[in-house]
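>>> I would like to see how this sequence folds:
(chains A and B)
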Amino acid sequence: MKLYRDEGVVLRTRKLGEADRIITFLTREHGQVRAVAKGVRRTSSRFGARLEPFSVVDVQLHIGRNLDIVTQVDTLAPHGRAIGADYALFTTATAMVETAERLTEIEREPATQQYLLLVGALRSLAERMHAPSLVLDSYLLRALAIAGWAPSFGECARCDAEGPHRAFSPAVGGMVCASCRPPGSAAPATETVALLGALLTGDWSVADASDERHRRETSGLVAVYTQYHLERGLRSLRLVERA
Amino acid sequence: MFDGALQDLVEELGRLPGVGPKSAQRIAFYILASDPADVSRLATALRVVKEKVRFCEICGNISEETQCRICRDTRRNGAVLCVVEEAKDVVAIERTREFRGRYHVLGGAINPIEGVGPDNLRIRELMTRLADGEVTEVIIATDPNVEGEATATYLIRMLRPLGLTVSRLASGLPVGGDLEYADEVTLGRAFEGRRTVDV
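Model prediction:
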């Protein structure tokens, strides 16, 4: 029997045939895995309820010719219920899983750091530890950093000149000094730059104390930075409901 | 693979949901070997369904008239409205013979990862429909999954200021099943939605 077992987050589900679904997981050991869950749309399904988006599960899979087959599922953290019951949390979590899916596109390439970051972010959302928009922006910055697009909010992203700097350019990779500044760069408030840095490093005392105006500016810059580096736009990001 | 008309048919059949290249080939050869009258009937059915069937202008259900059978039926209770995702859900609820109100078909559920937001569903039409005050109760019957729940949450927030009675279909154990085989998510929902009984 060609079976393997792993922990995973359900990123996306798609209907297949009469009663099946294709489930996209981000797993701890095997990276992104797409697998068929047979009969899960029937009310009599043994594990249909466990394979909802945002759920963290312990899953057993059978290696198939094209797609693997889900054979057993146990719930580790059923975040779907808490997240689905709040529209802002739902749209925020959807943007996070779409980003995770995009950043781990090569199937079966281990992406443990991305997995751990996503699990932590979903738990933080479901348990309402911080404002949803802060969790999303922090997640996006850190997920991009793991993927190799770490922004610089201190030194100049081009010449390493010591900051603080006034201009922000997604193309260059963060804050830029006056001599490296390309035309069309944004000029965010000092507090916004501090918030961006706090979200990247996970300094929640600074992030939680920030005011609404700077959070909005931060979200705008993070969205531009994310869309620039992911090339194809995230469909869910424009539908995120910000408080 | 094949030439001319047969290859065209295989390609067209292969575009249908759940039909792969092998199945398309098998169906094409079945059609080729069938009685011409049977094939003609199938072709007519395909053409007529596209010509005649449309969406009800009131509820969005499938209909051959401008208004569907349920919206035209004066015996139905116009004060109660059941909101569903798809026309297929109307059929499922009608089979229960429990509901005598009217329906509103949204045309799907909110699913941002597929680019479906509230503006892509018939939510604006629902709000317009509720504006005349005839409806006093709305039953939200979206699917019991994350997208269905999120759509219900969004609708409840939109409906709250209207002062209507709003309810959501119960979730829980299937009739005829054993409690020990229920998964923890469904059983948890059944507990959450438990009801008091008269003793």
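
>>> lowest confidence element among the helices and strands of the chain?
If you meant another chain, say so; for now it's chain A. Every helix and strand of chain A was ranked by mean pLDDT, DSSP states H and E. The lowest is helix A:79-84, at a mean of 89.

>>> wait, I meant chain B there
helix B:184-192 (a mean of 86).

>>> ok, back up a step: just list what the least confident helix or strand of chain A packs against, helices and strands only.
helix A:87-103, helix A:112-126, helix B:146-159, helix B:184-192 (3 or more C-beta pairs under 8 Å, 6 or more residues apart in numbering or on different chains; DSSP states H and E). Quick note: C-beta positions are derived from backbone N, CA and C, even for glycine.

>>> Work out the gap between it and the centre of the chain.
16 Å (C-alpha atoms, centre = their mean, to the nearest Å).

>>> Contacts made by it with the rest, please.
A:10, A:52-56, A:89-90, A:93, A:122-123, A:125-127, B:146-147, B:149-150, B:153, B:185, B:188-189 (C-beta atoms under 8 Å, 6 or more residues apart in numbering or on different chains).

>>> got the buried residues for that helix?
A:79-84 (16 or more other C-beta atoms under 10 Å in any protein chain shown).

>>> Just checking the longest helix seen in chain A against chain B, any contact.
For chain A, the helix reaching the highest residue count under DSSP state H is reported as helix A:212-230. No. Judged by C-beta under 8 Å from any C-beta of the partner chain, helix A:212-230 and chain B are separated, with a smallest distance of 13.9 Å.

>>> Of the contacts of helix A:79-84, grab the buried ones for PyMOL.
If you want just the buried ones from the contacts of helix A:79-84 in PyMOL, going by 16+ other C-beta under 10 Å, the selection is:
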select buried, (chain A and resi 10+52+53+54+55+56+89+90+93+122+125+126) or (chain B and resi 146+147+149+150+153+185+188+189)
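
>>> Could you pull up phi and psi at residue A:57?
When quoted as degrees, to the nearest 10, the phi and psi of residue A:57 stand at phi -130, psi 160.

>>> neighbours around it, how many?
Neighbour count for residue A:57, taken as other C-beta atoms under 10 Å in any protein chain shown: 24.

>>> In this structure it contacts residue A:76, no?
Yes. Contact criterion C-beta atoms under 8 Å: residue A:57 and residue A:76 qualify, at 5.9 Å.

>>> which residues do the two both contact?
residue A:7.

>>> who's in contact with the most centrally placed residue in chain A?
Among the residues of chain A, the one closest to the centroid is residue A:96, at 3.0 Å (C-alpha atoms, centre = their mean). Residue A:96 makes contact with A:118, A:121-122, A:125, A:136, A:139-140, according to C-beta under 8 Å, 6+ apart.
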